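Engineer: turn this into a structure:
(chains A and B)
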There are 2 protein chains.
Amino acid sequence: MEFRLIERIRELTAQPRDDVRIGIGDDAAVLAVPAGQELAVAIDTLVEGVHFPRGTAAADIGWKALAVNLSDLAAMGASPAWALLALTLPDADAAFVEGLAEGFAKLAQPHRLALVGGDTTRGPLSISVAVHGFVPPGKALVRSGARVGDAVLVTGTLGDAAAGLHALQPPLRDDDPRASLREFLIERLNRPTPRLAAGTALRGQASACIDISDGLLADLGHVCVASGVGAEIDAALLPRSSALMALYDEAGALQFALSGGDDYELCFTVPAQRLADVQADLSRLGCGVTRIGRIVEGAGVRVRGTDGEWLTTDRAGWEHFA
Amino acid sequence: MEFRLIERIRELTAQPRDDVRIGIGDDAAVLAVPAGQELAVAIDTLVEGVHFPRGTAAADIGWKALAVNLSDLAAMGASPAWALLALTLPDADAAFVEGLAEGFAKLAQPHRLALVGGDTTRGPLSISVAVHGFVPPGKALVRSGARVGDAVLVTGTLGDAAAGLHALQPPLRDDDPRASLREFLIERLNRPTPRLAAGTALRGQASACIDISDGLLADLGHVCVASGVGAEIDAALLPRSSALMALYDEAGALQFALSGGDDYELCFTVPAQRLADVQADLSRLGCGVTRIGRIVEGAGVRVRGTDGEWLTTDRAGWEHFA
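Structural biologist: Below is the predicted model of the structure:
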């Protein structure tokens, strides 16, 4: 069992990289970072019942475990190269392992990401992935570079994943006209798309960047703390999908967009003089991008409602152990 | 909570490395591999109730989670540099987290290993560590290089950790004369010493190398499969500690030495003409080293008993999901 998942993913991805000097099957992998590149590394764990509901399809778990890590590379402006995977599962369920491998490989393949090692153990279901990517020296996108006057932008739409989690219960009948809208939201929850192309396009352009895993308010708040600034955002500007707006009222949709986790969109800041160029660059990549506010003096994130009044929020995104 | 463990380990280790360009606190760490070095990476998970008994001290878990990974680097001949840590624990237990950080840091410190990132989540207790080390191009110790006629050697003594696990129950009274012997074995279980100095000394010397995590027979078996050879070892030559020999009879001690996991000693092969030099080099480092057998044509590992007859074994070390 020890290496069957790892080997199976290797079979499914099958992308030889000549920077992998020794791959799966020895005590450690041996890798060559290209000259003139630095190494970006991140690790994230998904635990059943915490990060995904019991009953989530194995392929969705495999995809998402890689996606949340690639999203961290995207937020640094790094290009993915290699991954390690540590899987803990209660028993040697061949169908589950095959599904997990397929989901992981489906996301790995287009990014030419090579799985170079891993570990499988018995225990309660959880999966940790460590990813490695390349970024030119000094070009990584950090959280600490936001400056007063910068515009605040996000990719894609916000709140879909949290609404998808909410929409999982109760299941709708297939002939319910809202079923396809819910499907869209659940797909956003289970198969997030890491914004890798946007991340590399933002190198040298964005002053700060983070991926939205805990919710816009929480994650933009991290940028504000790291940069020593505050932020003001306009509720009316928040990009929200038509599925979200069709299935939830304004208050519910706003709550999901402000505080819902798991979207894995990028939130970033750009000096005013580069704003138009950045928006054009990302649009050219087919990546939706929306200006939602600006960086101000002070601390914390304030939200202006559609009536022009400041909102009070009782909840700044979900935090583990909060 | 998210970063308290990670931050606490950083405080306790406090070793700035100038190859860490961006450390803990952003979406990913950014690292610079020194020119002329390749990167060795490995990941291993410890799960409560599988890899350590419930009730194991937090500091022992923190130490061991790093040790088992550093042992993988040792087996490749790599020098440690950086680690990522993913912890899942049932609740935010401050004393537990502090103990874990202390145990991890105590082993990290002398090796100048920097923790560069991590993730803490809620769930059943488990800990995954990914380690990164450096090795000169082409110098990594692989499993596949053993050749017929090579000597088979191991560092240290074998079977102590498995005996330590066995000795945990029932606890002895403090005034029992055997208590200190058991303490030694339990320490070997909980605080394994990765053989990093031996590993780097074996670069260019050993023809194959592996660390003993699943037991001598299982791990030497991996070397034989990877190298396309067989091995013969002599039971009489197996290095065993005086504590093991005092607390168990010959049959029990032999079983632990052949099949017990968790010793994290190195098992390696050396061409005959380099044998004396290698033994002298490792002895000079204060690392015990013992020739236990030789590589032969064929496949599999055979053990010659003290009476000169081949032993039959019903169990080749413990394998997960076996």
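Engineer: strands of the stretch 101-250 of chain A, start to end?
Structural biologist: A:114-122, A:126-135, A:151-155, A:208-211, A:230-234 (DSSP state E, counting those that start in this stretch).
Engineer: return the helix or strand in chain A with minimum mean pLDDT.
Structural biologist: helix A:4-13 (a mean of 80; mean pLDDT, DSSP states H and E).
Engineer: picking up where we left off before, adding distance to chain B, mean pLDDT and mean neighbour count, write the strands of the stretch 101-250 of chain A out as a markdown table.
Structural biologist: C-beta: built from backbone N, CA, C; applies to glycine. Converted to a markdown table, the strands of the stretch 101-250 of chain A look like this (distance: least, C-beta to the nearest C-beta, whole Å; pLDDT from 0 to 100; neighbours: other C-beta atoms under 10 Å in any protein chain shown):
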| stretch | distance to chain B | mean pLDDT | mean neighbour count |
| --- | --- | --- | --- |
| strand A:114-122 | 5 | 91 | 24 |
| strand A:126-135 | 4 | 97 | 28 |
| strand A:151-155 | 14 | 98 | 25 |
| strand A:208-211 | 6 | 98 | 28 |
| strand A:230-234 | 18 | 97 | 20 |
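Engineer: what's the closest of those strands to B:Phe104?
Structural biologist: The closest of the strands of the stretch 101-250 of chain A to B:Phe104 is strand A:126-135. By C-beta to C-beta, the value is 16.1 Å.
Engineer: tell me if the helix ranked longest in chain A is near chain B.
Structural biologist: Ranked by number of residues, the top helix in chain A under DSSP state H is helix A:58-76. Yes - for helix A:58-76, a contact with chain B is found by C-beta under 8 Å from any C-beta of the partner chain, at A:72-73, A:75-76.
Engineer: in which helix or strand would I find the residue nearest the centre of chain A?
Structural biologist: By C-alpha atoms, centre = their mean, the mean C-alpha position of chain A lies nearest to A:Tyr264, the distance being 2.7 Å. Of the helices and strands defined by DSSP states H and E, none includes A:Tyr264.
Engineer: quick check: it vs B:Ala75, distance?
Structural biologist: 36 Å (C-beta to C-beta, to the nearest Å).
Engineer: cool, and A:Pro124?
Structural biologist: A:Pro124 is 29 Å from B:Ala75, by C-beta to C-beta.
Engineer: and the residue nearest to A:Gly62 when sequence neighbours are not counted, how many neighbours?
Structural biologist: Computed as C-beta to C-beta, 6 or more residues apart in numbering or on different chains, the closest residue to A:Gly62 that is not its neighbour in sequence is A:Gly103, at 3.1 Å. As a burial measure, A:Gly103 scores 25 neighbours (other C-beta atoms under 10 Å in any protein chain shown).
Engineer: tell me the confidence at A:Gly103?
Structural biologist: For A:Gly103, the pLDDT comes out at 96.
Engineer: ok, now which ones touch it?
Structural biologist: Shown in contact with A:Gly103 (C-beta atoms under 8 Å, 6 or more residues apart in numbering or on different chains): A:57-64.
Engineer: related to what we said a few turns ago, which elements pack onto the least confident helix or strand of chain A?
Structural biologist: Counting contacts by 3 or more C-beta pairs under 8 Å, 6 or more residues apart in numbering or on different chains; DSSP states H and E, helix A:4-13 is packed against strand A:79-89, helix A:94-108, strand A:114-122.
Engineer: distance to B:Met245 for the ones you listed - can I get that in TSV?
Structural biologist: Listed next are these as TSV, based on distance: least, C-beta to C-beta, whole Å:
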stretch	distance to B:Met245
strand A:79-89	36
helix A:94-108	42
strand A:114-122	32
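Engineer: close enough to count as contact, A:Thr121 and B:His51?
Structural biologist: Yes - at 7.1 Å, A:Thr121 counts as touching B:His51 under the criterion of C-beta atoms under 8 Å.
Engineer: common neighbours of those two, please.
Structural biologist: B:Thr45.
Engineer: circling back: tell me how far the residue nearest to the centre of chain A lies from B:Leu141.
Structural biologist: 39 Å.
Engineer: and for A:Trp63?
Structural biologist: Computed with C-beta to C-beta, the distance linking A:Trp63 and B:Leu141 is 35 Å.
Engineer: who has more neighbours out of these two?
Structural biologist: More neighbours surround B:Leu141 than the other of A:Trp63 and B:Leu141, with 29 against 23 (other C-beta under 10 Å).
Engineer: break down the stretch 101-250 of chain A into its helices, ranges please.
Structural biologist: Counting by DSSP state H, counting those that start in this stretch, the stretch 101-250 of chain A has helices at residues A:160-167, A:179-190, A:196-201, A:216-227, A:242-247, A:250-259.
Engineer: in CSV: these, plus mean neighbour count.
Structural biologist: Below are the helices of the stretch 101-250 of chain A laid out as CSV (neighbours: other C-beta atoms under 10 Å in any protein chain shown):
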stretch, mean neighbour count
helix A:160-167, 24
helix A:179-190, 19
helix A:196-201, 22
helix A:216-227, 22
helix A:242-247, 18
helix A:250-259, 20
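Engineer: of the ones you listed, which is nearest chain B?
Structural biologist: Nearest to chain B among these is helix A:216-227 (7.2 Å), distances taken as C-beta to the nearest C-beta.
Engineer: how many neighbours does A:Asp307 have?
Structural biologist: Neighbour count of A:Asp307, defined by other C-beta under 10 Å: 8.
Engineer: phi, psi of it?
Structural biologist: phi -90, psi 10 (degrees, to the nearest 10).
Engineer: list the contacts for the closest residue to A:Gly260 other than its chain neighbours?
Structural biologist: Of all residues not flanking A:Gly260 in the chain, A:Ala162 sits nearest, at 2.5 Å (C-beta to C-beta, 6+ apart). Counting by C-beta under 8 Å, 6+ apart, A:Ala162 touches A:189, A:215, A:256, A:259-263.
Engineer: among those residues, which two are most distant?
Structural biologist: The span of the contacts of A:Ala162, defined through C-beta to C-beta, is set by A:Leu189 and A:Ser259 at 15.0 Å.
Engineer: thinking again about what came up before, higher neighbour count, A:Pro124 and B:Ala75?
Structural biologist: The neighbour count for A:Pro124 versus B:Ala75, taken as other C-beta under 10 Å, is higher for B:Ala75 (36 against 18).
Engineer: how close does that one sit to B:Ile212?
Structural biologist: From B:Ala75 to B:Ile212 the distance is 9 Å (C-beta to C-beta).
Engineer: common neighbours of those two, please.
Structural biologist: Residues within reach of B:Ala75 and of B:Ile212 at once, by C-beta under 8 Å, 6+ apart, are B:Leu266.
Engineer: pretty sure A:Val303 belongs to a helix, no?
Structural biologist: No - residue state for A:Val303 (DSSP: H, G, I helix; E, B strand; the rest coil) corresponds to strand; a helix is not indicated.
Engineer: ok, A:Phe52 touching A:Ala58?
Structural biologist: No - here A:Phe52 lies out of contact with A:Ala58, judged by C-beta under 8 Å, at a distance of 10.6 Å.
Engineer: near chain B, which residues of the stretch 151-300 of chain A?
Structural biologist: Counting by C-beta under 8 Å from any C-beta, the stretch 151-300 of chain A comes close to chain B at A:209-211, A:226.
Engineer: flag the shaky bits of chain A, pLDDT-wise.
Structural biologist: Along chain A, segments meeting pLDDT under 70 span A:1-3, A:170-172, A:313-322.
Engineer: re the thing from before, pick the one among the contacts of A:Gly103 closest to A:Trp310.
Structural biologist: Nearest to A:Trp310 among those is A:Lys64, at 34.9 Å by C-beta to C-beta.
Engineer: re earlier: quick one: strands adjacent to the helix or strand following the least confident helix or strand of chain A?
Structural biologist: Using DSSP H and E, the helix or strand that follows helix A:4-13 in sequence is strand A:20-22. Take DSSP bridges as the rule and strand A:20-22 pairs in its sheet with strand A:29-31 (antiparallel).
Engineer: got a list of what A:Leu87 touches?
Structural biologist: So, once contact is read as C-beta under 8 Å, 6+ apart, A:Leu87 ends up touching A:5, A:100, A:118-121, A:126-127.
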